[in-house]
Structure formats: structure tokens, C-alpha cells
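**Student:** no sequence on this one, just coordinates:
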């Protein structure tokens, strides 16, 4: 059919392009747009549609150029400025995308789509408060926008306002009940609130709607693990990696589950996927020297062992530095500054540096948490000999004078860890929950440098815990203070690792779903022979744990020479 000379032809072609676009016949739709534009070069609407179709064909640079041609003809098109912003966003030019959405909103302030897209871009930039305002503006104009409610929930989730996020997901699902992604996101919010049973139901519904969602299968595994259903959790993580072999999060979480259940051989291998996760929380050091994972002999070579994660991980895995030295390597150990002086007590010729210090020449490197893989560690050969760290004598002299004569059984207490830790809610307990320990008749000492504001009232009311605060300058001070304790009672923090590494009796209070290193269903730790583990019988039940600890502490006071 010829359209030459037909004044209605461009509009007919434009309409035909729209119909073909709806049918997802994008190449034919593009051809119609091109013909319409050839007949009417200043046809801005056709140029805009052409850009949209090019974007659907993933020809983003061409789409952007086409939107800009349309805007040169009609600069006041809010739709085209919005579409231009979308193309810029696809090209990861997010700041420019936001500017394009701003132009659209300046032209049409009540354009819900521009507010929505701008909010998405702001969320990409981590500007969550602004993104939240954007979604709310979009929803004030078009309330029944399920996507906007879902993304509003995601922003609230990022702001750790999980109850509000949950309400936003519910608003989305009220409009669109069978949306798999929103069901998954709602499950994640419920999990953050500790409602793992409800989270599992959401994940199961999401999987029934979208069985090939690796992310949801992996999230389901995490919820099952929190519920103590570890075999099912492992199966769910494996399913996720089967669906998406490149999903690093699923491989990593499978590794954690295997380590927790004692399958160290496959667990350490999967643990290495942590480097490929999108939400890497740990330091990644890129060195030109090869990473050593145990494949080659290290005798006669200089190996750099470097911290990667938290203080507790450094304390747990620094034991391998001495093993590397025993193999004939010259060992350089890089740790957090607060640990440097303490690490100098490691056995063997180990050069200890703090992060940021100039590095000597070296042949190989290995992050500390990869050393169990490099040494092919299993449950049967964990290097569990303690103590492998010891406090400095000068610090011991200071604390001997500072504490004075011993009159009662001395107990060091640690009840909270770093507040930014991902599992802080699970592993930290309020100080008020430890109040029963004050009735055991022991001398109680805080091994924590700081007391959270939320615990200060309880600290004052308990009244018998000695706190040293600013006198704990680094971990050498903490180690020296701990050396004067008959017992350390700690939640899962670096202080628990420190007490174990010093060979001190330590009672570790664990949540129902513990960190992998504490394994399952045992009261001892192969990593720390002097540790005794007190586990929650059900999620969140610290009361039962504290009751057991108090009873054991009373027995210890009555029989101070019995084994702790």
C-alpha cells in the first residue's frame, strides 16, 4: 500500500505502529514509525513512539537520540522528557535521568508517571527519602498504581522502616494480589521483622506464581533456616542455584547452610561466592599477586594474610597465620588497628601490620576467611588449640592494680555487638534481660567499651556491673581485663572469640538460628575448647537462656573449683 500523497498517512502509520507495539511486533512497529517520519519529518509524536520501540528492542543509544530529535521539535512534551529519562536510566546515567524527569514535572506538575520514574531513579542513587516523597506524590495523583506501592515499600525497606514497608506491599497486593515479586518483597519485610513463618508463606505463594524465581527460592531458604528447618533450607538454596547458576547470593547462602550443618568441604567452596555478591559488605582487596587457596606450596614464599570482615572473624581466623609460618612461609598479617598489638602475641614469625600501613613485597595473598578452605579444614582437623593469643604483660599489670584484690568470682559480660551488624537484632539482647545474673553473688564486669543509650537505664538499675569505658583503648586492654575473669558470658560478638582465643572459660549466648561457626545441637565448640554454648530453644527466647545461665552461675559460685 502506498501512502505517498495521502495527508492522513503519517497518522495512520503512527496508529498502526502503536497496534503492532501492543502485539510486541517491534520491528514492524519501528518500520511504520520510520515511514511516518519519512513522510512527516517533524512528527514529534512518531519520533517519541519510535524511541519507545527502540528502547524495547534494547537499542538504547538510538532511542535516546530519537527522543532528543522529538524534543528539538516539541520541547514542552512531558512524556518525551520522561521517556528520555528512562533511556538515560538504562544507560546508567542516573543523575541526568533525574534532570530529565525534573523537566517533565516542570511542564506538567501532576504527571504521575514522571514522579514515579523520578522516584525510581532517586532510589537507584540511594536518595531514599527523596524517592519516598516521589512515590507518595505519584500515588496521590494515581492511587491504584500497584508498582508504585511496591517500590514505595522497597524504599521504606531500605530505610529500615519495615512495618511501613509491609503496609505498602499490602496496598500493592490489594490492587494486584497475584504479583510474585511483591509477594517476595513482602516476605523479606516479614523476615526483617522476625516473622519467619509468615515470610515463608509469602515466599511459597511467590514461588507458586513464579516457580523459576531464584531470588525467592533463596529467600525461602533463609526463612527455613531461621525456623530451624535446615535440610529444607539447603534444598531451597540448591534449587535457587539450579535455576540461576550465576546467582552468587544463593551459592553463598548455600555455603553458610552447609557450614552450619558441618559440611565444611562443600561449605568452604561455596563460601568463596561471597566475592561475587551484589551487596558485598566486606573489604575486597585487589592485588596483582595470586590469591592462595592451598593449591601450591608456600614454603620460602611471602604470603600476605589480610582482614576482610569483622573483628570476630579476624580473631577466629588469625590462628592460621601460625600454621602458614609452620609451612615455611614468611607471613605478613594485616588486621584492624585495634587488634594490631594483640595479634603480635601470635606464635611463630608473623609480621603484624595495621590496615593502612605500607605493605612489604609479597608473593601470594589470602583473605583470612578463606584460610579454612586453603588449609582444607574439616570438623575433624579444626586447629582448636588454645590459647593462641595472650595479653600484653604491661597491660596485665595495669589491670591488676585497677581491679584490686579478688573477693568474689569474677564474671565479664558482653550483651551487645556492633549495632550495624546485619544480625544485630538476633544476636543482641537488652541488658535488662541479664538482671537476674546480679543475684548470683558474683562480681560483674562489663567488657564492652560502650553502653547503648537503650541500655543505660538498665545499667543504672542493676547497679553492680563495673564499667571501664574509655580505659579500654584497644583489644589488648580488653584481653588483659578478660584475663582476670573467671568466666566470660557473651553474646555472639568479637568478645566471645577473644575469650575463646585466650583460652578463658566463655559461655556464649546464641539465637535459635546461630551463625554458621557455632554449628547445631551442641554445647561445645570445636573452634574454642573452653566455650560452652547456650542456645535459644525458640526464636527470640532469651529468657530461657538467661535462666539456664543464672542457674549455672549459682552452681559455679557454690562450687568455685568445678569445671566452668
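**Tutor:** Received it, and whenever you're ready, just let me know what you need. Model, not experiment: these values are computed from the prediction.
**Student:** Can you report how many residues neighbour residue 371?
**Tutor:** Neighbours of residue 371 under the rule other C-beta atoms under 10 Å: 24. Where you see a C-beta, it was placed from the backbone N, CA and C, and this is true even at glycine.
**Student:** whoops, residue 176 was the one
**Tutor:** As a burial measure, residue 176 scores 14 neighbours (other C-beta under 10 Å).
**Student:** Contacts only, for it.
**Tutor:** 146, 182 (C-beta atoms under 8 Å, 6 or more residues apart in numbering).
**Student:** Using the three-state scheme, assign the closest residue to residue 399 other than its chain neighbours.
**Tutor:** Spatial nearest neighbour of residue 399, excluding adjacent residues (C-beta to C-beta, 6 or more residues apart in numbering): residue 480 at 4.8 Å. Of the three states, residue 480 takes helix under DSSP: H, G, I helix; E, B strand; the rest coil.
**Student:** For residue 480, list the residues it contacts.
**Tutor:** Residues 391-392, 395-396, 398-399 are the ones in contact with residue 480 under the rule C-beta under 8 Å, 6+ apart.
**Student:** Then residue 96?
**Tutor:** Residue 96 makes contact with 85, 88 under the criterion C-beta under 8 Å, 6+ apart.
**Student:** Looks to me like residue 386 is in a helix.
**Tutor:** No. Secondary structure of residue 386 (three-state DSSP): coil, not part of a helix.
**Student:** That one and residue 309, how far apart?
**Tutor:** Taking C-beta to C-beta, to the nearest Å as the measure, residue 386 falls 21 Å from residue 309.
**Student:** same question, residue 53
**Tutor:** From residue 53 across to residue 309, the span is 48 Å (C-beta to C-beta).
**Student:** and those two? which has more neighbours close in?
**Tutor:** residue 53 (26 against 16).
**Student:** how about the strands in the stretch 301-450 of the chain?
**Tutor:** In the stretch 301-450 of the chain, the strands defined using DSSP state E, counting those that start in this stretch lie at 302-306, 330-335, 350-354, 364-367, 410-414, 443-446.
**Student:** what domains does the record give for this structure?
**Tutor:** Domain assignment of the chain by automatic domain parsing yields the ranges 9-239, 302-374, 393-558.
**Student:** May I see these organised as TSV, with mean pLDDT and distance to residue 260 added?
**Tutor:** Shown next, in TSV, are those (pLDDT from 0 to 100; distance: least, C-beta to C-beta, whole Å):
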stretch	mean pLDDT	distance to residue 260
domain 9-239	96	7
domain 302-374	96	14
domain 393-558	92	4
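**Student:** between those domains, which gets nearest to residue 278?
**Tutor:** domain 9-239 (10.8 Å; C-beta to C-beta).
**Student:** Between the two ends of that closest one, how far is it?
**Tutor:** End-to-end span of domain 9-239 (C-alpha to C-alpha, to the nearest Å): 54 Å.
**Student:** cool, and stretch 385-403?
**Tutor:** Using C-alpha to C-alpha, one end of stretch 385-403 lies 29 Å from the other.
**Student:** centre of the chain versus that stretch, how much separation?
**Tutor:** 35 Å (C-alpha atoms, centre = their mean, to the nearest Å).
**Student:** List the buried residues of it.
**Tutor:** By neighbour count with 16 or more other C-beta atoms under 10 Å, stretch 385-403 contains the buried residues 386-392, 395-396, 399, 403.
**Student:** This completes my enquiry, with thanks.
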